[in-house]
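Visitor: this one's sequence-less:
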């Protein structure tokens, strides 16, 4: 009888490009890769929880004021929440690698050689996006929002709300900064072309503003503060697709359509 380790190895084995697997086996492989991701997050969560107070002090710096909690259990759950957010951040290399390994069987051999560059560049872009949100965007946003307090209002910010906002904002920014890496890969395999990206610029800008409104507080200033870098990233992605994209023979495509 197979033990659990043997079953796991069989479920996440390397799949040959020409090999056809039933849909249920794809789901089983996805399940095991999600288990690996969850295990990585759980390990980092246990480590981060022991340093949760130090992490909270670090996250609090852009606000530059004391935080409060308004229920007896809030401080406890905030320590869990901040450990969870940091665990996700530290597990990004594992998450990116496992997702890549899941989709790689559908790629050609020459496309699979991008595994290491894709994983490394994706991790770097995620870190850059999170650093941008923490060191640049958050101080500007917090100063702007707190400036509305005036002399009559005293800001008393709940630590739970603040940690939720910072965690969502930093992780969201990190994911958004993956866009050039994704476009580079899609352009190399001929899916994303500069012509297509240019034609869909209007839809992209609309989507960027919607995403910025979701990730930031409900005010126009912070939405624009997030949207402007995103639009810049989109334009950079068009340049990347133009420089590194797969050249498509349009005459051949036209002849195929006529046939």
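Guide: All right, it came through fine. What you see is a predicted model, and the numbers here were worked out from it, not measured in a lab. Numbering: from 1, shown residues only.
Visitor: for the rest of this, base every contact and every neighbour count on C-alpha atoms.
Guide: Noted.
Visitor: got the phi/psi numbers for residue 68?
Guide: phi -120, psi 160 (degrees, to the nearest 10).
Visitor: ok, it - how many residues close by?
Guide: Here the number of neighbours of residue 68 (other CA atoms under 10 Å) works out to 14.
Visitor: and what of residue 91?
Guide: Taking other CA under 10 Å as the neighbour definition, residue 91 ends up with a count of 21.
Visitor: I'd assumed residue 43 was in contact with it.
Guide: No. With contact defined as CA atoms under 8 Å, residue 91 does not reach residue 43; the gap is 9.3 Å.
Visitor: which neighbours do these two share?
Guide: Counting by CA atoms under 8 Å, 6 or more residues apart in numbering, no residue touches both residue 91 and residue 43.
Visitor: got a list of what residue 75 touches?
Guide: 69, 159-160.
Visitor: quick one: it from residue 55, how far?
Guide: Distance of residue 75 to residue 55, given as CA to CA, to the nearest Å: 13 Å.
Visitor: quick one, helices of the stretch 51-200 of the chain?
Guide: Secondary structure of the stretch 51-200 of the chain (DSSP state H, counting those that start in this stretch): helices at 52-60, 74-90, 92-103, 109-112, 115-132, 138-146, 159-176, 179-188, 194-199.
Visitor: grab the nearest non-local neighbour of the most centrally placed residue in the chain.
Guide: Closest to where the C-alpha atoms of the chain average out (CA atoms, centre = their mean) is residue 175, at 2.1 Å. Leaving out its chain neighbours, the residue that sits closest to residue 175 by CA to CA, 6 or more residues apart in numbering is residue 126, at 6.0 Å.
Visitor: what is the neighbour count of that neighbour?
Guide: 25.
Visitor: just residue 30 next, same as before
Guide: 19.
Visitor: did I read that right, it in a strand?
Guide: No. Read with DSSP: H, G, I helix; E, B strand; the rest coil, residue 30 is helix and lies in no strand.
Visitor: that one is in contact with residue 102, isn't it?
Guide: Yes. Using CA under 8 Å, residue 30 is in contact with residue 102, at 6.9 Å.
Visitor: any weak-confidence spans in the chain?
Guide: 1-23, 106-108, 111, 150-151, 215-219, 245-259 (pLDDT under 70).
Visitor: how about 50 then?
Guide: Counting by pLDDT under 50, the chain contains low-confidence residues at 1-2, 4, 7-8, 10, 249-259.
Visitor: what's the local residue count around residue 83?
Guide: That count, for residue 83 with other CA under 10 Å as the rule, works out to 26.
Visitor: that one touches residue 49, doesn't it?
Guide: Yes. Judged on CA under 8 Å, residue 83 makes contact with residue 49 at a distance of 5.0 Å.
Visitor: list residues touching both of the two?
Guide: What both residue 83 and residue 49 touch, as defined by CA under 8 Å, 6+ apart, is an empty set.
Visitor: residue 119 against residue 97, yeah?
Guide: Yes. Assessed by CA under 8 Å, residue 119 is found in contact with residue 97 at 6.2 Å.
Visitor: quick check: closest non-adjacent residue to residue 78.
Guide: The shortest distance from residue 78 to any non-neighbouring residue, by CA to CA, 6+ apart, is to residue 160 (5.7 Å).
Visitor: for residue 64, what are phi and psi?
Guide: According to degrees, to the nearest 10, residue 64 has phi 60, psi 40.
Visitor: name the surrounding residues that touch stretch 138-150.
Guide: 62-63, 155, 166, 222.
Visitor: picking that back up, and the gap between the residue nearest to the centre of the chain and residue 201?
Guide: 20 Å.
Visitor: and the gap between the residue nearest to the centre of the chain and residue 196?
Guide: Counting by CA to CA - residue 175 and residue 196 are separated by 22 Å.
Visitor: for residue 47, same thing?
Guide: 45 Å.
Visitor: next: residue 234.
Guide: 12 Å.
Visitor: between these two, which is the more surrounded one?
Guide: residue 234 (22 against 12).
Visitor: got the contact list for the helix or strand hosting that one?
Guide: Per DSSP states H and E, residue 234 falls inside helix 220-244. Contacts to helix 220-244, defined as CA under 8 Å, 6+ apart, come from residues 137, 141, 176-177, 179-180, 183-184, 187-188, 192-194, 197-198, 205, 208-209, 212-213, 216-217.
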